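*Asks:* give me a 3D structure for the following:
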Amino acid sequence: MRPARGFTLLELLISLMLISLVSLGVYGALGFGANALERGTSRSIENQRVRAALALIVRKLKSAYPLMLLVDGERLVYFFGGEEELRFVASADRPEIGGLEKVSYFIKEDEDGEHGLWMRISAPTLPADLAEEREGSLYLEAEVLSDVDELVWEYFGQRQNEDEEAWHETWNGEEEPKLPQAVRLSWRAQVSNLPNEWRIEVPIQVQDPVSELQRTPQNRRRSRR
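*Replies:* Numbers count the residues shown, from 1 in each chain. A predicted model of the protein is given here:
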């Protein structure tokens, strides 16, 4: 019979080293998988939030209303669009308000120096409030898109002194008494720590104003005289 033979110290050290290497490899793979899952979940949540914000912007733009105002004897449609801000009148989608509401989009900087796209909704919308840029009694302000690196609004339509339709950087309802045919929003934002570029184009359903003018109180007094 052969005597029982145990492991030598060298063999034991090699075995422990191999077990340690395998354990480190398994732990690293599990950690990498967990981090990838967390990043994927975070990115999915951010994408869903962006889609919800886009749906809100599209719904508001599609409900834009060409409200004609008579201010100081001048006719205008309340729609003022710049490269980084936009103000217009839209149909209210809340049953407790009804009628029309004023919608504003603008860039706002937080305490950390980050920029975001904010939306302000004001109702009820009265001609005098619009003429004086006053907010209604029901007032709501909220961030729509956060961590915005760059944002540009553009407006498609044919201006009075132009022969063809084109995209414009601005649209002023005092100079163009109608709504643009479409609005385009382009922006670059950080989504899950990765830069993303987005672009949407929203057609405006009604461009031409209604025949009846909404007058401010000053205009009413002048008309009575």
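*Asks:* and the closest residue to Phe80 other than its chain neighbours, what does it touch?
*Replies:* For Phe80, the nearest residue in space outside its immediate sequence neighbours is Arg87; the separation is 4.8 Å by Cβ to Cβ, 6 or more residues apart in numbering. Every C-beta, even on glycine, is put in place using the N, C-alpha and C of the backbone. When contacts are counted by Cβ atoms under 8 Å, 6 or more residues apart in numbering, Arg87 touches 78-81, 102-105.
*Asks:* let's see 10 Å
*Replies:* With Cβ atoms under 10 Å, 6 or more residues apart in numbering as the criterion, the residues that contact Arg87 are 78-81, 102-106, 120, 122, 130, 133, 173.
*Asks:* mind giving me the PyMOL command for buried ones among those residues?
*Replies:* Buried subset of the contacts of Arg87, written as a PyMOL selection, criterion 16 or more other Cβ atoms under 10 Å:
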select buried, resi 78+79+80+81+102+103+104+105+120+122+130+173
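*Asks:* can I get the contacts of Arg87 in CSV with secondary structure?
*Replies:* Shown next, in CSV, are the contacts of Arg87 (DSSP: H, G, I helix; E, B strand; the rest coil):
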residue, secondary structure
Tyr78, coil
Phe79, strand
Phe80, strand
Gly81, strand
Lys102, strand
Val103, strand
Ser104, strand
Tyr105, strand
Phe106, strand
Arg120, strand
Ser122, strand
Leu130, helix
Glu133, coil
Gly173, coil
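*Asks:* quick one: mean pLDDT over stretch 18-30.
*Replies:* Here the mean pLDDT over stretch 18-30 is 73, rounded to a whole number.
*Asks:* I meant to write stretch 82-97 there.
*Replies:* Per-residue confidence for stretch 82-97 averages out to 82 on the pLDDT scale.
*Asks:* list the buried residues for that stretch?
*Replies:* 84, 86-90, 92, 97.
*Asks:* distance to Glu165 for those - can I get that in a markdown table?
*Replies:* Compiled in a markdown table, the buried residues of stretch 82-97 are given as follows (distance: Cβ to Cβ, whole Å):
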| residue | distance to Glu165 |
| --- | --- |
| Glu84 | 23 |
| Leu86 | 19 |
| Arg87 | 23 |
| Phe88 | 19 |
| Val89 | 23 |
| Ala90 | 23 |
| Ala92 | 30 |
| Ile97 | 34 |
